[in-house]
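>>> With the input below, show me the fold.
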Amino acid sequence: MKYDISFVLPMYNEAANIESTLATVSRIAGEICGDYEIIVADDASTDGCGDIVETLSVSEPRIKCVRLQKNTKFGGALAAGLRHASKDIVIYTDSDLPVKEPDIKAALELLNSADVVTGYSLVIKDSSLKRIIMSKVYNFLVELFFNLKIRDINSGFKIYRRKAIEGLELMSRSPFVDVEIFAEIVKRGFRIAQYGLVFELRTKGRSSISRPGVVARTFFDMLKYRIGS
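Residues are numbered from 1 along each chain as shown. As a prediction, this is how the structure comes out:
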């Protein structure tokens with residue numbers, strides 16, 4: 001079955017990865033899509049990766065670059081990318097492309113009985129004690145405050161039917177945006193399926209999710225959304 005898909009890639013300082021990622025996503029899209037677009041949401045990067053994407057978009061109009069003027073610590077970039085998605089199905093993944101092609105194809109099949117598919121890691125992604133404790137505390141609070149039983153809510157792979165996320169007014173400007181999206185999806189009555197996979201390890205560039213400012217903003221957004229919901 002061929003799908004019409006918007007691929008959404010939030011990006012911050014991924015000059016080392018983004019060109020190869022776009023080439024791989026374009027190849028995969030050519031195999032599984034009837035029509036597609038690739039939306040790269042640049043979160044005010046400083047390493048020139050936004051310029052790389054804009055240059056590639058000149059020769060490939062299905063690549064679109066959405067450039068934020070101010071860094072939002074991930075959440076704003078994801079929200080901007082989702083707002084610009086126009087196809088019936090939206091696939092979000094990280095811009096270093098941690099997902100293998102067979103997993104994308106297998107997860108798409110779960111849309112036969114769900115409106116949203118979220119990936120979760122079958123192995124421990126980061127064995128450092130600090131990250132393990134932080135993850136466990138965060139996931140405990142997410143389940144306690146929002147009753148969301150998602151195994152890996154901030155994983156870098158999710159598939160949405162666009163109707164499930166259409167019109168969302170997202171408040172979060174941090175990785176907490178994933179929780180906000182799922183909380184709103186549940187309120188709307190849409191069905192969620194979970195798909196286990198082994199994420200590819202990053203070989204180039206650095207993840208920005210564990211920056212102290214990002215962590216602080218994540219917990220701030222959690223409290224803000226909890227109070228306001």
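>>> Following element in sequence after the worst-scoring helix or strand of the chain on mean pLDDT, please.
Every helix and strand of the chain was ranked by mean pLDDT, DSSP states H and E. The lowest is helix 129-146, at a mean of 85. Next along the chain after helix 129-146, taking DSSP states H and E as the criterion, comes strand 157-161.
>>> Who are the packing partners of that next one?
strand 89-93, helix 101-109, strand 116-121 (3 or more CB pairs under 8 Å, 6 or more residues apart in numbering; DSSP states H and E). Bear in mind the C-beta positions are built from the backbone N, C-alpha and C, glycine included.
>>> That strand: what's the following helix or strand?
That would be, after strand 157-161 and using DSSP H and E, helix 162-165.
>>> May I have that following helix exported as PDB, CA atoms only?
Listed next in PDB are the C-alpha coordinates belonging to helix 162-165 (Å, rounded to 0.1, in the frame of the first residue of the first chain):
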ATOM      1  CA  ARG A 162      -3.000  14.000  10.600                       C
ATOM      2  CA  LYS A 163      -6.600  14.200  11.900                       C
ATOM      3  CA  ALA A 164      -5.300  13.200  15.300                       C
ATOM      4  CA  ILE A 165      -3.000  16.300  15.600                       C
END
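>>> Identify each buried residue in the very next helix or strand once past that helix, please.
Per DSSP H and E, the first helix or strand lying C-terminal to helix 162-165 is helix 177-187. Across helix 177-187, burial judged by 16 or more other CB atoms under 10 Å covers 177-186.
>>> and the next helix-or-strand element following helix 177-187 with helix 101-109, angle?
Once helix 177-187 ends, the next helix or strand along the chain (criterion: DSSP H and E) is strand 192-197. For strand 192-197 against helix 101-109, the angle by axes from the mean of the first three to the mean of the last three CA atoms, to 10 degrees is 160 degrees.
>>> can you list contacts of strand 192-197?
99-100, 103, 106-107, 110, 113-122, 150-151, 157, 182, 185-186 (CB atoms under 8 Å, 6 or more residues apart in numbering).
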